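K.L.:
Kindly return the folded structure for what I paste below:
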Amino acid sequence: MKKNNILITGLPGVGKTTLITKLAEALKTLNPAGFYTTEIREVGVRKGFKLTSLDGREGVLSHVDIKSRARVGKYRVDIPGFETFLDTIDFLNQATGLIIIDEIGKMECLSDRFKSLLGKILDSDMPVIATIALKGGDIIAEIKRRPDVTLFNLTTQNRESLLSAITEVVKNLKSSGSAPK
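P.N.:
Numbers count the residues shown, from 1 in each chain. Prediction:
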């Protein structure tokens, strides 16, 4: 079985999003589709998380001031807003050569639409690079156990080397062609 799903995990703050954005840039010739997540800070205090698509569109995933029943810790999750944001990204377009998702985490997995889309993406022949929560049961644990997954644990020691290692893995996947599963 071809391992075309590359997952990156690691402690919070170790640099997963930084690595994802560097990978998107290094592999831009593959016409990647996807998004990354960054902190919303107000006066130096983290208030939530912002979504940015690889083509520059933005949305809000969560914020302490959002009115929502869905929450993770102190953050309220805007599930309808997240799903509307996802609808703007053509993940499975034939022109897309790589899918990038930051991240498969507790907030994102509150959305049934995201979980369904994630299943289609991971089952496709398309190379996928995604960050995934270090801890988590249910779908997060299931995804990590998939036989078509290569899991990298990002640390401060391997931050620099993983960029070239993952870039090389993706280029090898693309040059060998997609094998049906």
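K.L.:
Can you give me the buried ones in the helix or strand hosting Ile139?
P.N.:
Applying DSSP states H and E as the criterion places Ile139 in helix 138-145. Within helix 138-145, the residues scored as buried using 16 or more other CB atoms under 10 Å are Ile139, Ile140, Ile143, Lys144. C-beta coordinates here come from the backbone N, C-alpha and C atoms, glycine included.
K.L.:
ok, now stretch 124-134?
P.N.:
Burial within stretch 124-134, assessed by neighbour count using 16+ other CB under 10 Å, is assigned to Ser124, Met126, Pro127, Val128, Ile129, Ala130, Thr131, Ile132, Ala133, Leu134.
K.L.:
Send me that stretch as CSV with only the CA atoms.
P.N.:
Only the C-alpha atoms of stretch 124-134 are listed here, as CSV (Å, rounded to 0.1, in the frame of the first residue of the first chain):
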residue,chain,number,x,y,z
SER,A,124,-7.8,9.6,-2.4
ASP,A,125,-4.6,8.9,-4.3
MET,A,126,-3.6,12.6,-3.7
PRO,A,127,-0.5,13.2,-1.6
VAL,A,128,-1.6,14.8,1.7
ILE,A,129,0.5,16.6,4.3
ALA,A,130,-1.4,17.4,7.5
THR,A,131,-0.6,18.3,11.1
ILE,A,132,-2.4,16.2,13.6
ALA,A,133,-2.9,16.7,17.4
LEU,A,134,-0.3,14.9,19.5
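K.L.:
So for that stretch, mean pLDDT?
P.N.:
Mean per-residue pLDDT for stretch 124-134: 94.
K.L.:
now it, how far from the centre of its chain.
P.N.:
Relative to its chain's centre, stretch 124-134 lies at 6 Å (CA atoms, centre = their mean, to the nearest Å).
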